[in-house]
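Chemist: fold the following and give me the result.
(one chain, ligands or ions: 1)
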Amino acid sequence: MEHILSCKQFTKQSLEELLDLAKDIKENPSKYKNALDGKIVAPIFFEPSTRTRLSFETAALRLGAKLIATENAQNSSTKKGESLKDTIRILNGYADCIVMRHNEDDSAEVAASVSKVPILNAGSGKKDHPSQSLLDIFTIREKRGKIYGTKIAILGDLVYGRTIHSLLELLTLYEGIEVWGLSKECFRLPNRYKEMLQAHNIKYHECSGFDELPRDIDVLYHTRIQSERFEGDFGKEEFVINKSVLSKFLQNTMVMHPLPRLNEISEDIDDDPRAVYFEQAHNGVPIRMAMYLTVMK
Ligand code: CP
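Modeler: Below you'll find the predicted structure:
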């Protein structure tokens, strides 16, 4: 694989190869500690990040690579008007791989169009967040033992939540998936994603309350309202997962969230074994190590 820009580029086989590699890295970290000796990675983030940036950096360091980075891409020559393409052309002379987060939907594809070194998309606009979805599906497989037949509810901001869009793309590679959507009316899943699910024979149920979700659902995947991506104030999340809500679901239901959270998930469930969001974030390291190895071997 030359670049990782979108979940759309994965086949079931290439996805499972990457997930298997991440599993081996997680189980045998010492095997990989010098795998990228002598390589240089340039993380370039035009939007804020804690998890994605720091876990991509940890992943590079754990493989023996070195990092070059501006503290914030807004402090780079972009501020003086340099185009994204020119920034990438310049970094091609410095680094062996570029990890980029950008606010424009097609930024990863624009970067890849001029890059001779691999681009790893660390989030582009409202469209793609492949590294997040890879760690999400890795966590589902790790916990359930399989992805086949997953019953998942997606909650929160289904319009601007790029982690939702990318995760749905990966789920279309599997049989027996069923999806429930629970959000305020203004954040309902856009038609193009409903059509994508339909084209893969995946049932989608639009809901207006927790009581419409099956008690034996496998995953409750909540997301934050992405207020930085639109004008206006649509208020706080109404569908909050707390102790009382979670008590309605079975013991093997997983509560997931890409984080950061606002009010979507109450801290009163953090110690419940079904709350896997911190473990999910930690899986970002082996997944991102596997991503580097997939594009730089
Ligand atoms: N999940 C996620 O993308 O978090 P950050 O914005 O902190 O990287």
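Chemist: write out the residues of the stretch 151-297 of the chain neighbouring the ligand.
Modeler: Counting by Cβ under 6 Å from any ligand atom, the residues of the stretch 151-297 of the chain lying close to the ligand are 258-260. Where you see a C-beta, it was placed from the backbone N, CA and C, and this is true even at glycine.
Chemist: can you pick the most crowded of the residues you listed?
Modeler: With neighbours defined as other Cβ atoms under 10 Å, the most crowded of those is Pro258; it has 28 neighbours.
Chemist: can you verify my assumption that it contacts Gln132?
Modeler: Yes: with contacts counted by Cβ atoms under 8 Å, Pro258 reaches Gln132, the gap being 5.2 Å.
Chemist: mutual contacts of those two, please.
Modeler: Residues touching both Pro258 and Gln132 (Cβ atoms under 8 Å, 6 or more residues apart in numbering): Thr163.
Chemist: show me what from the stretch 1-150 of the chain comes close to the ligand.
Modeler: Counting by Cβ under 6 Å from any ligand atom, the residues of the stretch 1-150 of the chain close to the ligand are 49-53, 123, 132.
Chemist: which of those fall in helices?
Modeler: The members of these that map onto helices under DSSP state H are 51-53, 132.
Chemist: right, and out of those residues, which lies closest to Ile98?
Modeler: Closest to Ile98 out of these is Arg53 (13.0 Å), distances taken as Cβ to Cβ.
Chemist: and for the closest one, the neighbour number?
Modeler: Neighbour count for Arg53, taken as other Cβ under 10 Å: 19.
Chemist: ok, back up a step: tell me which of the residues of the stretch 151-297 of the chain next to the ligand fall in helices.
Modeler: Among those, none falls in helices (DSSP H).
Chemist: tabulate these in a markdown table, adding columns for pLDDT and distance to Glu185.
Modeler: Shown next, in a markdown table, are those (pLDDT from 0 to 100; distance: Cβ to Cβ, whole Å):
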| residue | pLDDT | distance to Glu185 |
| --- | --- | --- |
| Pro258 | 97 | 22 |
| Leu259 | 97 | 25 |
| Pro260 | 96 | 24 |
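Chemist: of those residues, which is the nearest to the ligand?
Modeler: Set against the ligand, the nearest of those by Cβ to the nearest ligand atom is Pro258 (3.7 Å).
Chemist: so which bits of stretch 180-194 are buried?
Modeler: Across stretch 180-194, burial judged by 16 or more other Cβ atoms under 10 Å covers 180-184, 187, 189, 193-194.
Chemist: quick one: residues contacting the residue in the stretch 101-250 of the chain positioned nearest to the ligand.
Modeler: Per Cβ to the nearest ligand atom, Gln132 is where the stretch 101-250 of the chain lies closest to the ligand, at 5.2 Å. Listed by Cβ under 8 Å, 6+ apart, the contact partners of Gln132 are 52, 123, 162-163, 166-167, 258, 284.
Chemist: can you give me the strands for the stretch 1-150 of the chain?
Modeler: Here the stretch 1-150 of the chain has its strands, by DSSP state E, counting those that start in this stretch, at 40-45, 66-67, 97-102, 119-124.
Chemist: who's in contact with the last one?
Modeler: The contact list for strand 119-124, computed with Cβ under 8 Å, 6+ apart, reads 3-6, 43, 45, 47, 49, 52-53, 56, 88, 97-102, 104-108, 111-112, 128-132, 162, 288, 291-292, 295.
Chemist: hmm, 6 Å instead?
Modeler: Residues outside strand 119-124 that contact it (Cβ atoms under 6 Å, 6 or more residues apart in numbering): 3-5, 52, 98-102, 105, 107-108, 111-112, 128-130, 291.
Chemist: export that strand as PDB, just CAs?
Modeler: What follows is strand 119-124, C-alpha atoms only, in PDB (Å, rounded to 0.1, in the frame of the first residue of the first chain):
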ATOM      1  CA  ILE A 119       1.000   9.900   3.400                       C
ATOM      2  CA  LEU A 120      -1.000   8.600   6.400                       C
ATOM      3  CA  ASN A 121      -4.200  10.500   6.800                       C
ATOM      4  CA  ALA A 122      -4.700  11.500  10.500                       C
ATOM      5  CA  GLY A 123      -8.100  13.000   9.800                       C
ATOM      6  CA  SER A 124      -9.400  15.100   6.900                       C
END
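Chemist: appreciated, that's everything.
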